[in-house]
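S.K.: For reference, the sequence and a predicted model appear below.
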Amino acid sequence: MSHAPRILLAKTSLDGHWRGLSVVARALRDAGFHVIMGGMLTGAEIVRGAVDEDVDLVGLNVGGHVEVVIRVIGELRAARPELPIFAGGVLPPSSCKRLAALGVETYPPGSSLEDIVAAARRLTAASTPT
Amino acid sequence: MSRPPPPSFASRSGIPLKAAYGPGDVPESIRRVAGALPGEAPYYRGSFPQGYRTKPWRIFQLSGFGKPEDENERIKFLLHHGETGFLMEHDRNTADHLYNVDHPDVVARREDVGQTGAVMQSVREVAICLDGIPIESTYGHAGGAVVQHAPFALAAYWTVARRRGIPLEQLGGTGQSDFFLTYLGCVTKQQIPTAAGLRLNADIIEFCARHAPKWVPVSIAGYNGGDSGLNAWQELGAVIANAIEYLDEVKRRGNLDMTAAAHKVGGVNFRTTMDFFEDVAKLRAARKLWHDLLRERYGITDERALKLRIHIVTAGSMMTYSQPFNNIVRGTMMALSAVLGGTQSLGVSGYDEAISVPSEHAHQMSVRIQQILQHETNIGKVTDPLGGSYFVEALTAEMADRATAFAADIAAQGGFLATLDSGWLHARARDNQVAWQQAEEDGRQLVVGVTDFRDDASQFEVDGFPGVNDSYDVALSRLEAVRRERHETGAKTALKALEAAIRGTDNVMPRMLDALEAEVTLGEVGDLFRSVWGDWQTPELA
């Protein structure tokens, strides 16, 4: 492997619940990913983080409205069109469908870490060939 | 998927469980006090001799979303359906951060505004939220769960009461100002440091002891520690450590008699989970530890002060995203454990908890669960019905011992605030978060509808509560109206006086009340706090 795949994890909302994000971050680190914890970031800050840190994947933790997430995705796509994005958190089924339509995989509460890690491996496979 | 099912004969907190219990399992420490009935010291069997016969537990649900008028409508809906107290939620983006809606961090997420509570930037919006609600006769929670927001939220509620001619001396209700939520469970982007938070809480306690005899000013919310990852005995031990921090500070300041102080911090909050007996034991142990703490550390002998009053919220983290109607059963089980543990008030999480804030139907079900328990089951007619069970008594003793040891661990770290500042408590929570998730993944902890018995094509899916979409716009126009219409000199003068109180040692609350009266806004208070105190240095969370 040329380098450990780099993942930026960020919260799109100002909701500070951190338990889910913490557990996911731990699992991704244990699986060999380089995880950058972004905290509560605006769309512009997430774009800047993704570019500056040259990440291979962005994980969005959602604790607010899906419209905010969609706007963040739009900003990320404008800056780095090929960068894969996945999302987790409080996402009603209808929000999962809207994000799926944008090509963003979703992992709502109850998703297994095994599935999340597998998704991260798959989504970063193209940018970090082994 | 096939998994080895290693059996776990331990509680969720890791307390080993035997197949059956007998007289030899009840330790001497409990046997000594087992003859004491409910209402008799050390109160582990209950704070009041008549239990729910004379005072049914308060049906007390968190509620709030959208605009203040939306929240008002929901509170009235719940009261109409039999809720016996109400809890106001404030919008997390604005309230928890002390930002007005035109703060750049809020504007960037404007659709989030109102998702978790109504925006209340001035007393005008709080008045709309409380319109038509008889606060003179209804027990209300003013919001202000986050420490830096509490003085504003309390002062706003009290100002509405004063304008209605209700003297503060006669107003019953509560606030929260909880360190667990603020510095452990739901860490905001910007927050005043813990030392500043402690000063504000001591100000609130002292002010209420003098001017608001019926008001419970702060509520230590172990719930927020528990749902962040602390196990049952860690939650209880940390609540005791937190109480020590508040009471030691009041004692150090020397303005208030300790019995009066104890009255004001003696309402605490825990969570109940899906470990039924462990949580019953936690509540029984809590009352004994509270009694022992106040007697031994502070020399308090006043009976009323020694009796802990408990509020329970059933664990939101136990509510599953898939097959959400199963959560009605979970809510019932967790509520039952709260009641058998002797809680004084109760909120049951909505069955849609993992998806959104509660829909009207989910909220109504949370009330109905409690009403069914209260009126149909007879469980409230005998106090502490599990008292004397070999198992429950042994577990209560174990819980008390472990919680006491954990409180001592916190003291050895320099105290509760020090464990928040250093991240020590977060690390304990994080270890459990990971361990609990691992137990679900490797088959040791089965969760119906999640790890097993899945039904991916369920026709019973719910999509949660969508809320309303005009919260931001309305809040912005109301903010502009306040700025346009208020007496600008009066507002600036009040803000200056508040600043003088903050920089000095005068109690903040009288000046906060003046500021609310002068229509000082949430964001102005936040800017002031930040300029004086700066930001808490958040420890590494993950």
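M.R.: Now that the structure is in, tell me what you want to look at. A quick note: this is a predicted structure, and the numbers were derived from the prediction, not measured.

S.K.: Going by C-alpha atoms from here, please, whenever you check contacts or count neighbours.
M.R.: OK.

S.K.: Alongside chain B, which residues does chain A contribute?
M.R.: A:12-19, A:21-23, A:25-26, A:37, A:40, A:42-43, A:64-65, A:67-68, A:90-94, A:108-110, A:112-114 (C-alpha under 8 Å from any C-alpha of the partner chain).

S.K.: Buried only: go through these for me.
M.R.: The neighbour-count test (16 or more other C-alpha atoms under 10 Å in any protein chain shown) marks A:12-19, A:21-23, A:25-26, A:37, A:40, A:42-43, A:64-65, A:67-68, A:90-93, A:108-110, A:112-113 as buried among the residues of chain A next to chain B.

S.K.: tell me the contacts of whichever residue of the stretch 251-400 of chain B sits closest to chain A?
M.R.: Here the stretch 251-400 of chain B gets closest to chain A at one residue, B:Ile355, 5.3 Å apart by C-alpha to the nearest C-alpha. Residues counted as contacts of B:Ile355 (C-alpha atoms under 8 Å, 6 or more residues apart in numbering or on different chains) are A:90-92, B:321, B:463-465.

S.K.: Output the longest helix belonging to chain A.
M.R.: If you go by DSSP state H, chain A has its longest helix at helix A:66-79.

S.K.: The helix or strand just after that one - contacts with which helices or strands?
M.R.: Using DSSP states H and E, the helix or strand that follows helix A:66-79 in sequence is strand A:85-89. Contacts defined by 3 or more C-alpha pairs under 8 Å, 6 or more residues apart in numbering or on different chains; DSSP states H and E place strand A:85-89 against strand A:57-62, strand A:105-107.

S.K.: Would you check that B:Phe65 makes contact with B:Gly467?
M.R.: Yes. B:Phe65 lies in contact with B:Gly467 (C-alpha atoms under 8 Å); the separation is 6.7 Å.

S.K.: intersection of neighbour lists for the two?
M.R.: Joint contacts of B:Phe65 and B:Gly467 (C-alpha under 8 Å, 6+ apart) are B:114-115.

S.K.: ok, back up a step: any idea which of the contacts of B:Ile355 is closest to B:Leu395?
M.R.: B:Tyr321 (31.2 Å; C-alpha to C-alpha).

S.K.: residue ranges for the helices of chain A, please.
M.R.: Counting by DSSP H, the helices of chain A are A:19-30, A:43-52, A:66-79, A:93-101, A:113-124.

S.K.: I'd like these written out as a markdown table, with distance to B:Gln374 and mean pLDDT added.
M.R.: Below are the helices of chain A laid out as a markdown table (distance: least, C-alpha to C-alpha, whole Å; pLDDT from 0 to 100):
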| stretch | distance to B:Gln374 | mean pLDDT |
| --- | --- | --- |
| helix A:19-30 | 34 | 95 |
| helix A:43-52 | 48 | 97 |
| helix A:66-79 | 39 | 98 |
| helix A:93-101 | 34 | 97 |
| helix A:113-124 | 40 | 97 |
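
S.K.: Out of those, which is closest to B:Ser422?
M.R.: helix A:19-30 (17.2 Å).

S.K.: Give me the distance between the closest residue to B:Pro167 other than its chain neighbours and B:Ala155.
M.R.: Counting by C-alpha to C-alpha, 6 or more residues apart in numbering or on different chains, B:Ala161 is the residue found nearest to B:Pro167 once chain neighbours are left out, at 7.2 Å. Here B:Ala161 is placed at a distance of 10 Å from B:Ala155 (C-alpha to C-alpha, to the nearest Å).

S.K.: Neighbour count: those two, which is higher?
M.R.: Counted by other C-alpha atoms under 10 Å in any protein chain shown, B:Ala161 and B:Ala155 do not tie: B:Ala155 has more neighbours, with 22 against 19.

S.K.: what's the pLDDT at the more buried one?
M.R.: Here the pLDDT value assigned to B:Ala155 is 98.

S.K.: quick one: contacts for it?
M.R.: B:509, B:512-513, B:516.

S.K.: what helix or strand does it sit in?
M.R.: Using DSSP H and E, B:Ala155 falls in helix B:150-163.

S.K.: excluding its backbone neighbours, what's nearest B:Ala427?
M.R.: B:Leu541 (7.7 Å).

S.K.: got a list of what that neighbour touches?
M.R.: With the criterion set at C-alpha under 8 Å, 6+ apart, B:Leu541 makes contact with A:18, A:22, B:423, B:426-427.

S.K.: quick one: the helices in the stretch 401-542 of chain B?
M.R.: Applying DSSP state H, counting those that start in this stretch to the stretch 401-542 of chain B gives helices spanning B:416-422, B:424-441, B:471-485, B:488-503, B:508-517, B:522-533.

S.K.: what's the distance between B:Pro510 and chain A?
M.R.: Counting by C-alpha to the nearest C-alpha, to the nearest Å, the gap from B:Pro510 to chain A is 30 Å.

S.K.: Count the neighbours of that residue for me.
M.R.: Neighbour number of B:Pro510 under other C-alpha under 10 Å is 16.

S.K.: If you drop the residues flanking it in sequence, what lies closest to the residue most central in space within chain B?
M.R.: Compute the mean C-alpha point of chain B, and by C-alpha atoms, centre = their mean the closest residue is B:Ala221, 4.1 Å away. Among residues not flanking B:Ala221 along the chain, B:Asn269 sits closest, at 4.4 Å (C-alpha to C-alpha, 6+ apart).

S.K.: pull the CA atoms of the helix or strand hosting the one you found into PDB?
M.R.: Using DSSP H and E, B:Asn269 falls within strand B:267-272. C-alpha atoms of strand B:267-272 as PDB (Å, rounded to 0.1, in the frame of the first residue of the first chain):
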ATOM      1  CA  GLY B 267     -33.000  17.000  42.200                       C
ATOM      2  CA  VAL B 268     -30.900  14.800  40.000                       C
ATOM      3  CA  ASN B 269     -31.400  13.000  36.800                       C
ATOM      4  CA  PHE B 270     -30.400   9.500  35.700                       C
ATOM      5  CA  ARG B 271     -31.100   7.300  32.800                       C
ATOM      6  CA  THR B 272     -32.700   3.900  32.800                       C
END
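
S.K.: Show me what the following helix or strand past that strand is packed against.
M.R.: Going down the chain from strand B:267-272, the next helix or strand is helix B:276-298, by DSSP H and E. Packing partners of helix B:276-298 (3+ C-alpha pairs under 8 Å, 6+ apart): helix B:232-253, helix B:303-306, helix B:326-340, helix B:390-412.

S.K.: one more time with 7 Å
M.R.: Helices and strands touching helix B:276-298, by 3 or more C-alpha pairs under 7 Å, 6 or more residues apart in numbering or on different chains; DSSP states H and E, are helix B:303-306, helix B:326-340, helix B:390-412.

S.K.: Report the separation between B:His263 and B:Trp215.
M.R.: For B:His263, the distance to B:Trp215 - C-alpha to C-alpha - is 10 Å.

S.K.: again with A:Val55
M.R.: Where B:Trp215 is concerned, A:Val55 sits at a distance of 52 Å (C-alpha to C-alpha).

S.K.: out of these two, which sits in the more crowded spot?
M.R.: Comparing A:Val55 with B:Trp215 by other C-alpha under 10 Å, the one with more neighbours is B:Trp215, at 23 against 20.

S.K.: one step back: pLDDT wise, what is the residue nearest to B:Pro167 at?
M.R.: pLDDT, B:Ala161: 98.

S.K.: how is chain B carved up into domains?
M.R.: Domain assignment for chain B, taken from automatic domain parsing, gives B:1-45+B:236-425, B:64-218+B:488-537.

S.K.: now these in TSV, with distance to A:Pro84?
M.R.: Conversion of the domains of chain B to TSV gives the following (distance: least, C-alpha to C-alpha, whole Å):
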stretch	distance to A:Pro84
domain B:1-45+B:236-425	25
domain B:64-218+B:488-537	22
